[in-house]
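Enquirer: Structure for the following, please:
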Amino acid sequence: MTMVSERRSAGKMATHARYLAGAILMFIGIFVVSGVSLAIEASTIRAIQVDGNVLRNGKALKEGDILNRDDNISCQGKSAAVLKWSNGSMVKMYPDTQLIIRGVAFENDKKLEKSFVSLKRGRVFIKAQVPENIFSQFEVVAESVIIRTQGAEFALKYDPANMTLTAWALIGEVTIIKDINKTLVGEGQQAKVKVTDKPGAPVAMDKRVLGALQKVSHGLGGSLLVEATGGAGGPLKVKIGGVRNRRGEAPYKVNFKAIVSGGSGKVKTIKWRFGDGESAEGRSVQHTFTQGVYGVVVEVEDDNGQKSSSQISISAEEDCSC
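Expert: This next block holds a predicted model:
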């Protein structure tokens, strides 16, 4: 196991100091899934699309460039860029947008990747997503406001002149944090906050905005957060759905559902194992986890004898701050 550590830099405000502190450790972990060891490391971030005049620390950003901690990325007028995390997350930057990569950390004991970004001005669309064998916490800071999610597709707009931030949640949910005040923005909602005040209550997203964000999401490729379904025919496949947040405070109650496609179209059995010695049967089940990290497995069989299985990880924590 390798570990890269960096000295904590003093922040201008207490919020930024705490925010930066989480980004100073990056290390490799090993995660075991069904007896197979998978190497896990903090994501590298790469510019996969650069259109027009996009600067990195004042110099031209090129497609394929790998970004580092504290890199300042600025899209000038009529310019845009797409940044991709190797573990799956993506950030689309629009014209007249500036952000700073604050770092990526991987906490081996929690199998948790944390990403930290400062939005200085402009608009971004973010796919905060990781594979189901690890966990995610994605944070964006605009002045003294924090936007945090375990996994979501969302858009942000920050206007520094008026000191206003707007968040739109397309898939999943995000939390807006200002001092001790928190506002949860659910799927299909939006919320606005002035950085000198507490967040406003979320409201339903405008349908035109919803349609526009769906097009952006589709243009960036598939989502690790969408519960895709399919009909009969072809190999039997199953995916675990119904779980929007894979991290929570213990005791953590979670609902699961088996999303089955292919095969004969007639499911014979659906069996669940929760990683703590408990099991259940049925298409939809519920289980309460005590503190720990668990591998949840679902196994299905159709009436032709075809079998398939799927697994995700659940983390029940004493205080997940999520």
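
Enquirer: switch to C-alpha atoms for all contacts and neighbour counts from now on
Expert: Will do.

Enquirer: and Phe135, what are its bridge partners?
Expert: Leu112 (DSSP bridges).

Enquirer: Same check on Val285?
Expert: Phe256.

Enquirer: List the contacts of it.
Expert: Asn255, Phe256, Lys257 (Cα atoms under 8 Å, 6 or more residues apart in numbering).

Enquirer: As JSON lines, the residues you listed with distance to Ala128, neighbour count and pLDDT would be great.
Expert: Shown next, in JSON lines, are those (distance: Cα to Cα, whole Å; neighbours: other Cα atoms under 10 Å; pLDDT from 0 to 100):
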{"residue": "Asn255", "distance to Ala128": "22", "neighbour count": "13", "pLDDT": "95"}
{"residue": "Phe256", "distance to Ala128": "21", "neighbour count": "19", "pLDDT": "96"}
{"residue": "Lys257", "distance to Ala128": "22", "neighbour count": "19", "pLDDT": "94"}
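
Enquirer: which one of these is nearest Gln129?
Expert: Using Cα to Cα, Phe256 comes nearest to Gln129 of those, at 19.0 Å.

Enquirer: how long is stretch 175-194 from one end to the other?
Expert: 15 Å (Cα to Cα, to the nearest Å).

Enquirer: Could I get the buried residue list for that stretch?
Expert: 175-178, 182-194 (16 or more other Cα atoms under 10 Å).

Enquirer: now, which of these lie within helices?
Expert: Using DSSP state H, no member of these falls within helices.

Enquirer: Tell me which of those fall in strands.
Expert: Those of the buried residues of stretch 175-194 mapping onto strands are 175-178, 182-185, 189-194, per DSSP state E.

Enquirer: hang on, the earlier thing: mind putting the contacts of Val285 into CSV with distance to Glu299?
Expert: Output for the contacts of Val285, formatted as CSV (distance: Cα to Cα, whole Å):
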residue, distance to Glu299
Asn255, 16
Phe256, 13
Lys257, 12
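
Enquirer: where do the strands sit along the stretch 201-322 of the chain?
Expert: Assigned strands in the stretch 201-322 of the chain, in chain order: 203-204, 237-241, 247-249, 252-261, 267-273, 279-281, 284-289, 292-302, 307-317 (criterion: DSSP state E, counting those that start in this stretch).

Enquirer: could these go into JSON lines alongside distance to Lys127?
Expert: Conversion of these to JSON lines gives the following (distance: least, Cα to Cα, whole Å):
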{"stretch": "strand 203-204", "distance to Lys127": "20"}
{"stretch": "strand 237-241", "distance to Lys127": "18"}
{"stretch": "strand 247-249", "distance to Lys127": "18"}
{"stretch": "strand 252-261", "distance to Lys127": "22"}
{"stretch": "strand 267-273", "distance to Lys127": "29"}
{"stretch": "strand 279-281", "distance to Lys127": "33"}
{"stretch": "strand 284-289", "distance to Lys127": "27"}
{"stretch": "strand 292-302", "distance to Lys127": "24"}
{"stretch": "strand 307-317", "distance to Lys127": "19"}
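
Enquirer: closest to Ile100 out of those strands?
Expert: That would be, of the strands of the stretch 201-322 of the chain and by Cα to Cα, strand 247-249, which comes in at 26.8 Å.

Enquirer: what's the spacing between the closest one and its chain's center?
Expert: 15 Å (Cα atoms, centre = their mean, to the nearest Å).

Enquirer: and it, which residues are buried?
Expert: Those would be Arg247, Gly248, Glu249, for strand 247-249 by 16+ other Cα under 10 Å.

Enquirer: hang on, isn't the last one packed against Cys320?
Expert: Yes: here Glu249 lies in contact with Cys320, judged by Cα atoms under 8 Å, at a distance of 6.0 Å.

Enquirer: what's the neighbour count on Asp96?
Expert: 16 (other Cα atoms under 10 Å).

Enquirer: Report pLDDT for it.
Expert: Note for Asp96: predicted pLDDT of 98.

Enquirer: In a markdown table, list the ones in strands among the buried residues of stretch 175-194 along with pLDDT.
Expert: As requested, those are exported to a markdown table (pLDDT from 0 to 100):
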| residue | pLDDT |
| --- | --- |
| Thr175 | 97 |
| Ile176 | 97 |
| Ile177 | 96 |
| Lys178 | 94 |
| Lys182 | 93 |
| Thr183 | 95 |
| Leu184 | 96 |
| Val185 | 98 |
| Gln189 | 98 |
| Gln190 | 98 |
| Ala191 | 97 |
| Lys192 | 95 |
| Val193 | 94 |
| Lys194 | 92 |
